[in-house]
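[1] sharing a sequence plus its predicted fold:
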Amino acid sequence: MKIKSLIKHNLMRAAMTLALILACATAWAQDAEFTLDTPPPFYFTGNQIRPSVTWVTIDDTEYDESQFTVTYGRNIDSGENSCVIYVTITAEDDYQGIVLTKMYPIEKRPMTVNIPNCEKHYGADDPAFTWQLVWDEAVQQDTINNLRNYQLPKRLNGHLTRTAGEAMGDYAISYEGTNPIEFANYLVTVNPGTLTITAPDPDDFSVNADGTEYTIHTATGWNFFCEALRDNETYNHFSDKTVKLGANITVTQMAGGSNHAFTGTFDGNHKTLTLNYGTAQAPIDAEFVAPFVEVSGNAEFIDLNIDGHIYAAYTGSSDPGVGGLIGHLFGSITIKGCTSTVEINSTKDRVGGFVGLCEHAVTFTNCKSSAVVTCTGSGSGFVGWSRASIYTIAFYGCLFNGKVLKKNGVGSGNGGFVGWKGYYKTVKITNCLVDPASRSGLRQAQTPSPSSATATSSSTAREPYR
């Protein structure tokens, strides 16, 4: 009995000692380091991840590949996206038989989508924005197909947008959602692209070889001209240049503006520029309304026909100007062989079939106005309002047979050629005609003094100017 008890006692002590040794070995194993041929972090590939273990270090003891075996598994208790490596020490030492376990997270794989650069001519529709997925050979093809053909299209298609603008230049194309895009196994960064708007198609707007003559062929070409006139640095107001109208076109944009005056030559080429500015329900609220908002220098207009309509309703306090050709005139301007059949309806005064507000000098030669002008005063078939100055307004061989009408029963200071003449302004009218019926229900204008105006070989029209 005593012998059996002694044996049992000794076995129990041996077991406890072994347990203690194993516990210590296990504790030491927690400090073990694996050297892998592919170091972490590990990214999702679609394949089972099995990095090779080349060395194992426990405290100061190192083991090479001949002294351990490796198995792989997944630790389901740790959640998804983890790689579990088991190393069993086979060396004949105190750690023999010890199994070391290491768990490495499998992270979302970074991937890239590039938005290719593209371009278009000014005025053209935007091209379809596309994207390209970039990946490396480590990723399994079926996962790429799922991402490229199913997941990414749902996120990207229809959600690529660009910086607003239609002038020539570069505009960023980007993804309008959260970037990078996060999927279950991927983190996709979308790199922006660039849309470059180049010069108009020559079928819209062309320039000759020496850069001295531009031709507008379409409404898109006109729109580009309007933008170009605002670019003083590049186009310099088209000074010493000729702009030609190559076809009959209908336009909705106005050219130039304050500090962006046209100073060149506009050759209508006997074509018609049809205006579509505002509607009765939505008139234009702007100080100056005309196809050429502002003109200065020695600008010249020849052989141009103007048609269409203008609806204007300026709500500001400064002096407005609405014209079938020019809104605000400076300099010494020449208009030859042009016609105006435009219909203008304005809630203000200073309205003319050709010029709204004239600050300086203008000469009309062989021009005809059949414009219908409706305003509250200072309306005319040619020049609405002329400020008091020493400059001259001259008419040679011109005809007005349109209409000047009151706006809501209000209207005064109207005339066939000039609606209101400044006190020191000189108006010369030579070999011109005015249809007496062209003015409807407006009060009689005062007869100008001989010192301020001359009329030679005019018709019997009573009021060529006021």
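    That came in fine, so what should we check first? Residues are numbered from 1 along each chain as shown.
[2] okay, now residue 132: neighbour count?
    12 (other CB atoms under 10 Å). (C-beta placed from N, C-alpha, C; glycine too.)
[3] for residue 380, that is, sorry about that
    38.
[4] who does it bridge with?
    For residue 380, the beta-bridge partners are residue 352, residue 415 (DSSP bridges).
[5] how about the helices in the stretch 101-250 of the chain?
    Remark: helices assigned in the stretch 101-250 of the chain by DSSP state H, counting those that start in this stretch are 141-146, 152-156, 219-229, 232-235.
[6] can you redo these as JSON lines with mean neighbour count, mean pLDDT and distance to residue 102?
    Shown next, in JSON lines, are the helices of the stretch 101-250 of the chain (neighbours: other CB atoms under 10 Å; pLDDT from 0 to 100; distance: least, CB to CB, whole Å):
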{"stretch": "helix 141-146", "mean neighbour count": "13", "mean pLDDT": "83", "distance to residue 102": "25"}
{"stretch": "helix 152-156", "mean neighbour count": "16", "mean pLDDT": "93", "distance to residue 102": "34"}
{"stretch": "helix 219-229", "mean neighbour count": "22", "mean pLDDT": "94", "distance to residue 102": "65"}
{"stretch": "helix 232-235", "mean neighbour count": "12", "mean pLDDT": "90", "distance to residue 102": "66"}
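[7] including distance to residue 341, could those go into JSON lines?
    As requested, the helices of the stretch 101-250 of the chain are exported to JSON lines (distance: least, CB to CB, whole Å):
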{"stretch": "helix 141-146", "distance to residue 341": "64"}
{"stretch": "helix 152-156", "distance to residue 341": "52"}
{"stretch": "helix 219-229", "distance to residue 341": "19"}
{"stretch": "helix 232-235", "distance to residue 341": "30"}
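[8] any weak-confidence spans in the protein?
    Along the chain, segments meeting pLDDT under 70 span 1-31, 74-80, 388, 408-413, 437-466.
[9] show me it divided up by domain.
    17-107, 109-198, 205-456 (automatic domain parsing).
[10] which one of the ones you listed is the most hemmed in?
    The highest mean neighbour count among the domains of the chain, using mean count of other CB atoms under 10 Å, belongs to domain 205-456: a mean of 21.
[11] gap between it and the chain center?
    31 Å (CA atoms, centre = their mean, to the nearest Å).
[12] which residues does the nearest residue to residue 207 once chain neighbours are set aside bridge with?
    Nearest residue to residue 207 in three dimensions, chain neighbours excluded: residue 214, at 5.1 Å (CB to CB, 6 or more residues apart in numbering). Here residue 214 shows beta-bridge partners residue 207, residue 243, assigned using DSSP bridges.
[13] hmm, residue 214 is touching residue 246, no?
    No. Using CB atoms under 8 Å, residue 214 is not in contact with residue 246, being 9.7 Å away.
[14] could you pull out the residues contacting both of these two?
    Common neighbours of residue 214 and residue 246 are listed as residue 206 (criterion: CB atoms under 8 Å, 6 or more residues apart in numbering).
[15] next up, phi/psi of the residue positioned nearest the centre of the chain, please.
    Here the mean C-alpha position of the chain is nearest to the C-alpha of residue 165 (CA atoms, centre = their mean), at a distance of 1.3 Å. Residue 165 adopts backbone torsions of phi 140, psi 150, taken as degrees, to the nearest 10.
[16] does it touch residue 171 like I think?
    Yes. Residue 165 lies in contact with residue 171 (CB under 8 Å); the separation is 5.7 Å.
[17] OK, contacts around the residue nearest to the centre of the chain?
    171, 197.
[18] how does it look with 7 Å?
    residue 171 (CB atoms under 7 Å, 6 or more residues apart in numbering).
[19] now swap in residue 214 and tell me
    By CB under 7 Å, 6+ apart, the neighbours of residue 214 are 205, 207, 241, 243.
[20] what's the end-to-end length of stretch 178-186?
    Stretch 178-186 has an end-to-end distance of 14 Å (criterion: CA to CA, to the nearest Å).
[21] no no, stretch 165-185
    End to end - CA to CA - stretch 165-185 spans 37 Å.
[22] from the chain's centroid, how far away is it?
    Worked out by CA atoms, centre = their mean, stretch 165-185 lies 14 Å from the chain centre.
[23] which parts of the stretch 151-300 of the chain are strands?
    With strands called from DSSP state E, counting those that start in this stretch, the stretch 151-300 of the chain shows them at 160-162, 169-175, 181-182, 186-191, 193-198, 205-207, 213-216, 242-245, 249-251, 265-267, 272-277, 288-289, 292-295, 300-302.
[24] let me have these in CSV, extended by distance to residue 418.
    Compiled in CSV, the strands of the stretch 151-300 of the chain are given as follows (distance: least, CB to CB, whole Å):
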stretch, distance to residue 418
strand 160-162, 49
strand 169-175, 43
strand 181-182, 67
strand 186-191, 62
strand 193-198, 43
strand 205-207, 35
strand 213-216, 30
strand 242-245, 27
strand 249-251, 27
strand 265-267, 22
strand 272-277, 22
strand 288-289, 18
strand 292-295, 17
strand 300-302, 18
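[25] tell me which of these lies nearest to residue 319.
    In terms of CB to CB, the element of the strands of the stretch 151-300 of the chain nearest to residue 319 is strand 288-289, at 9.6 Å.
[26] partner strands of the closest one, parallel or antiparallel?
    Going by DSSP bridges, the partners of strand 288-289 are strand 321-323 (parallel).
[27] what lies in contact with the partner strand?
    288-290, 310, 312, 327-328, 344, 346, 350-352, 354-357, 384.
[28] looking at those residues, which are in strands?
    Of the contacts of strand 321-323, the ones assigned to strands by DSSP state E are 288-289, 310, 312, 327-328, 344, 346, 351-352, 355-357, 384.
[29] ok, now how distant is the nearest residue to residue 147 once chain neighbours are set aside from residue 81?
    Setting aside the residues directly before and after it, residue 147 is nearest to residue 186 in space (CB to CB, 6+ apart), at 6.3 Å. As defined by CB to CB, to the nearest Å, residue 186 lies at a distance of 12 Å from residue 81.
[30] got it, and residue 73?
    14 Å.
[31] same thing with residue 369?
    80 Å.
[32] what's the answer for residue 382, then?
    81 Å.
[33] cool, residue 160 as well?
    30 Å.
[34] for residue 190, same thing?
    From residue 190 over to residue 81 the distance is 23 Å, taken as CB to CB.
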